[in-house]
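Colleague: give me a 3D structure for the following:
(2 chains)
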Number of protein chains: 2
Amino acid sequence: MGIRLGRQTVMLSTPPAVIGYAGVVGQKEGEGPLKGCFDYISDDSYFGEKSWEKAESHMIRQCFQIACGKAGLAPEGLDYIFSGDLLNQCVSSAFAMKDCKAPYMGVYGACSTMAESLGLAAMVIDGGFAAKACALTGSHFCSAERQFRFPLEYGGQRTPTAQWTVTGAGAVILAAGGQGPKITHVTTGMIVDAGIKDANSMGSAMAPAAYETLKAHFTETGRSPNYYDAIFTGDLGAQGHDILQALFRADGVELDARYMDCGVLMFDLNTQNVGCGGSGCGCCASVLGGHILEAMNKGVWQRVLVAATGALMSPTSSQQGDSIPGICHAVAIESGV
Amino acid sequence: MGIRLGRQTVMLSTPPAVIGYAGVVGQKEGEGPLKGCFDYISDDSYFGEKSWEKAESHMIRQCFQIACGKAGLAPEGLDYIFSGDLLNQCVSSAFAMKDCKAPYMGVYGACSTMAESLGLAAMVIDGGFAAKACALTGSHFCSAERQFRFPLEYGGQRTPTAQWTVTGAGAVILAAGGQGPKITHVTTGMIVDAGIKDANSMGSAMAPAAYETLKAHFTETGRSPNYYDAIFTGDLGAQGHDILQALFRADGVELDARYMDCGVLMFDLNTQNVGCGGSGCGCCASVLGGHILEAMNKGVWQRVLVAATGALMSPTSSQQGDSIPGICHAVAIESGV
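Modeller: Presented below is the predicted three-dimensional model:
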């Protein structure tokens, strides 16, 4: 049963355990600082398929299968799969799971999808609706570029504040019982519109949403940032990372080196030509499934807060002059509870 | 706390009550057989906005506000809003709710979104995570046409099996306590790929998913179709309606006149030139929010099963030769429980 702590945060009375997780990425991500963390690195941007959209779907399915394997579970053992992605009508996750005989709930949280789906998976388990559930998402640089920006062949110039959509997928399987790190709290975001209209500055569009959700999390749980060994945002990038620190600093709260952004961790910003860092559903997802949960299992961190951020826009909304509202969902993951 | 009855169905131990609902539609829908049911009929396809996408968003927001008003609730009184739509990146629902200060969970279930979001809203309430939650979605003929099919100005011919995207929105507000009809069971769909590739024959693509979900619902609850006073599919249209009846007939199960399809109910198929009937997220949503729940409150029906169907495809997936997998989520709504 859930316990409401405040406007946005619920506590799970019997925290569900992470029993399986995986991160799969593309070649460029596999050459970055986290290269040793992933379950699979593909040197083929097509993942053996005929289009980038099918490649994205293939990658998500592969990641899901690895996580199921680690959990010692057939897909049929899952009571729910929560999944979504950035492609129009969320087709890469739907096609990835179309032959998987498990109840399927499509979610759309833009790049916050990993935290949204993980929060929902934890809630349906703690609420008694499921014994096991999976949170799953991914993104692909090439399919995102042609859908959101320009044909790759055009070779468009990128602004310094732009980010690089991660080719990557992440899967996390939760269970009502188990030995792994546990989901203890879920803080669901409200939409925050800071009025940013520059689609090449997503970090500044999303940082205010991250600020509001993290502030709500700290207030409603009575925890300070120091409670956590590590705090991750999903894909604010270097610019958004600094904006978030500045927003908290104005409140007299210091987010020190324990605060990291998955988009900054994914690439070497000095040498890999990715602007402000990684972005996309697959950024937070593959770092969580490939790096964070493994480090928790190894005892590097005991208490981790993952706050995935999303930009709620489409090319059409931007072309029609709309701003880019942001959203951020946060999930607390703790060992030894 | 949820009680699992089987692979796909959960029972809500304290069924959440419907405390507010609304249906808003466009002019053509307001000239159909259900014209007396809706809370608002707009004779302006732009709903006073400058684009059809903004019109869709406006309509969803308006519907949400009417439902909140009927529930005697400010948006701030909601613990969760579950919402999604058909537009790329689900922008119409996100922009509709961007200034609403409530935790927001984006969902994507194509035209099954109303049942998916209603099921999730019921589950978070029964699981103790929320006291009040809203399920909300909509669709707009003009924004859907230009995104999925052709520019309206092109005047494309429609095949006889095609359906007409409903301009409409529906909102349902659930609470942990209350006098209204209650959500008693949620049957979550698995993705079913019948191999259909004709994007102008969505009814045949989605009917097998409806069949599988309804069959699971009847088996896992131990109920026959006769338990219900009325059974609704979301937007199978006339063709899909007949396919679903034929699929059950092959099992020796007769879905008689108590089985109706929202897409068939919405329009006069003989005079309104809509092919096989209405479709879109807003079809099931506006019929549920405008017609079904009001009829239940008036005592017309006591036991209703709403099974919304979705086609998991995008123009890109169809252009790349993919099939159109379907999904169907079902929610049992009962009075006097």
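
Colleague: give me the neighbour count for the residue in the stretch 101-250 of chain A that chain B sits nearest to.
Modeller: For the stretch 101-250 of chain A, the residue closest to chain B is A:Gly127, as judged by C-beta to the nearest C-beta, at 2.3 Å. Quick note: C-beta positions are derived from backbone N, CA and C, even for glycine. By other C-beta atoms under 10 Å in any protein chain shown, 24 other residues sit near A:Gly127.

Colleague: quick one, what contacts the residue nearest to it when sequence neighbours are not counted?
Modeller: Counting by C-beta to C-beta, 6 or more residues apart in numbering or on different chains, B:Gly127 is the residue found nearest to A:Gly127 once chain neighbours are left out, at 2.3 Å. Residues counted as contacts of B:Gly127 (C-beta atoms under 8 Å, 6 or more residues apart in numbering or on different chains) are A:Met1, A:Gly2, A:Met123, A:Val124, A:Asp126, A:Gly127, A:Gly128, A:Phe129, B:Met1, B:Gly2.

Colleague: A:Met105 too?
Modeller: Neighbours of A:Met105 in contact, by C-beta under 8 Å, 6+ apart: A:Tyr80, A:Ile81, A:Phe82, A:Ser83, A:Leu120, B:Val107, B:Gly109, B:Glu116, B:Leu120, B:Thr188.

Colleague: repeat that for A:Gly289.
Modeller: A:Gly289 neighbours (C-beta under 8 Å, 6+ apart): A:Tyr21, A:Ala22, A:Gly23, A:Asp39, A:Cys63, A:Ala67, A:Ala169, A:Gly170, A:Ala171, A:Val172.

Colleague: who are the packing partners of the helix or strand containing the third one?
Modeller: Think A:Gly23. Secondary structure from DSSP states H and E places A:Gly23 in strand A:17-25. On a contact count with 3 or more C-beta pairs under 8 Å, 6 or more residues apart in numbering or on different chains; DSSP states H and E, strand A:17-25 meets strand A:40-41, helix A:52-71, strand A:168-175, strand A:182-187, helix A:281-287, helix A:293-297.

Colleague: what's the closest of these to chain B?
Modeller: helix A:52-71 (5.9 Å).

Colleague: tell me the buried residues in that closest one?
Modeller: For helix A:52-71, the neighbour count (16 or more other C-beta atoms under 10 Å in any protein chain shown) marks A:52-68, A:70-71 as buried.

Colleague: so the following helix or strand past that helix versus strand A:168-175, what angle?
Modeller: The C-terminal neighbour of helix A:52-71 among helices and strands, as given by DSSP H and E, is strand A:80-85. Using axes from the mean of the first three to the mean of the last three C-alpha atoms, to 10 degrees, the inter-axis angle of strand A:80-85 relative to strand A:168-175 is 160 degrees.

Colleague: partners of strand A:80-85 in the sheet?
Modeller: strand A:104-106 (parallel), strand A:132-139 (parallel) (DSSP bridges).

Colleague: out of the ones you listed, which one sits most buried?
Modeller: The highest average neighbour count among the strands paired with strand A:80-85, using mean count of other C-beta atoms under 10 Å in any protein chain shown, belongs to strand A:132-139 at a mean of 32.

Colleague: what is the helix or strand following that strand packed up against?
Modeller: For strand A:132-139, the succeeding helix or strand toward the C-terminus, using DSSP H and E, is helix A:141-148. Packing partners of helix A:141-148 (3+ C-beta pairs under 8 Å, 6+ apart): helix A:52-71, strand A:164-165.

Colleague: how about the residues of the stretch 151-300 of chain A by chain B?
Modeller: For the stretch 151-300 of chain A, the contact set with chain B under C-beta under 8 Å from any C-beta of the partner chain comprises A:Thr188, A:Gly189, A:Met190, A:Ile191, A:Asp193.

Colleague: switch to 10 Å and redo it
Modeller: Contact residues (C-beta under 10 Å from any C-beta of the partner chain) of the stretch 151-300 of chain A with chain B: A:Val186, A:Thr187, A:Thr188, A:Gly189, A:Met190, A:Ile191, A:Val192, A:Asp193, A:Thr213, A:Ala216.

Colleague: just the buried members of those residues?
Modeller: The buried subset of those (16+ other C-beta under 10 Å) comprises A:Val186, A:Thr187, A:Thr188, A:Gly189, A:Met190, A:Ile191, A:Val192, A:Asp193, A:Thr213, A:Ala216.

Colleague: hang on, the third one packs against A:Ala122?
Modeller: No - taking contact to mean C-beta atoms under 10 Å, the distance of 11.4 Å between A:Thr188 and A:Ala122 leaves them out of contact.

Colleague: overlap of the contact sets of those two?
Modeller: Common neighbours of A:Thr188 and A:Ala122 (criterion: C-beta atoms under 10 Å, 6 or more residues apart in numbering or on different chains): A:Val10, A:Val331, B:Phe129.

Colleague: OK, contacts around the residue lying farthest from the centre of chain A?
Modeller: Residue farthest from the centre of chain A, counting by C-alpha atoms, centre = their mean, is A:Tyr154 at 28.9 Å. Contacts of A:Tyr154 were listed using C-beta under 10 Å, 6+ apart, and they are A:Glu145, A:Arg146.

Colleague: so how far is A:Gly189 from it?
Modeller: Counting by C-beta to C-beta, to the nearest Å, the separation of A:Tyr154 from A:Gly189 is 34 Å.

Colleague: can you check A:Gly321 too?
Modeller: A:Gly321 is 24 Å from A:Gly189, by C-beta to C-beta.

Colleague: what of A:Asp268?
Modeller: Distance from A:Asp268 to A:Gly189, by C-beta to C-beta: 30 Å.

Colleague: swap in A:Ala55?
Modeller: 30 Å.

Colleague: contact partners for the residue nearest to the spatial centre of chain A?
Modeller: Among the residues of chain A, the one closest to the centroid is A:Cys284, at 3.3 Å (C-alpha atoms, centre = their mean). Neighbour list for A:Cys284: A:111-115, A:118, A:137, A:139, A:166, A:168, A:170, A:232-235, A:261-263, A:266, A:278, A:292, A:306-310 [criterion: C-beta under 10 Å, 6+ apart].
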